[in-house]
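Asker: Below: sequence and its predicted model.
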Amino acid sequence: MHRPRALALLLAASLALAGCSRPGGVSSSPGSSAVPPQGSAAAPPVSGVGVVAEVNGAPILASELEQKVAGRLARLRQEEYEIRRQTLEELIAQRLVAAEAGKRNLAPEELLR
């Protein structure tokens, strides 16, 4: 990654985290559901049940988050599928060209001319 881009990302992340601790902002106190309970190694998974964060004392439910994010995640899954499919087709084509070139004692580039 380029140095200026890395610094910009670090600055943006720092500002975002600093904003979480402001009064009236998103709660990040130990009593908040957004923070794992003591003794927990990782944040609890979002499964559509429970409180995932609090803003000004008002809870944001996992079900609310799931409802809002469902469309975006479906698009991402579709995009991932398309990328995998296209990449697989490219790999198949490369292997077929390489095999045919080998049969003809040619380099793959020569076969494609």
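Answerer: The structure has been received and is ready for your questions.
Asker: Tell me which stretches of the chain form helices.
Answerer: Ranges of helices within the chain are 3-20, 62-103, 108-111, based on DSSP state H.
Asker: Looking at those helices, which is nearest to residue 56?
Answerer: Proximity to residue 56 (Cβ to Cβ) singles out helix 3-20 among the helices of the chain, at 12.8 Å. (C-beta placed from N, C-alpha, C; glycine too.)
Asker: Let's test this: name the helix or strand in this protein with the lowest mean pLDDT.
Answerer: Least confident helix or strand of the chain, by mean pLDDT, DSSP states H and E, is helix 3-20 with a mean of 48.
Asker: Of all the helices of the chain, which one is nearest residue 55?
Answerer: Among the helices of the chain, helix 3-20 sits nearest to residue 55 (Cβ to Cβ), with 10.3 Å.
Asker: which sections of the protein are below the confidence cut-off?
Answerer: Residue ranges of the chain with pLDDT under 70: 1-48.
Asker: if you set the cut-off to 90 instead, what comes out?
Answerer: 1-49 (pLDDT under 90).
Asker: ok, what's across the strand from residue 60?
Answerer: Taking DSSP bridges, one obtains residue 53 as the residues bridged to residue 60.
Asker: how far away is it from residue 52?
Answerer: According to Cβ to Cβ, to the nearest Å, residue 60 and residue 52 sit 6 Å apart.
Asker: In terms of neighbours, single out the busier of those two.
Answerer: residue 52 (21 against 16; other Cβ atoms under 10 Å).
Asker: gap between the more buried one and residue 107?
Answerer: For residue 52 relative to residue 107 (Cβ to Cβ), the value is 56 Å.
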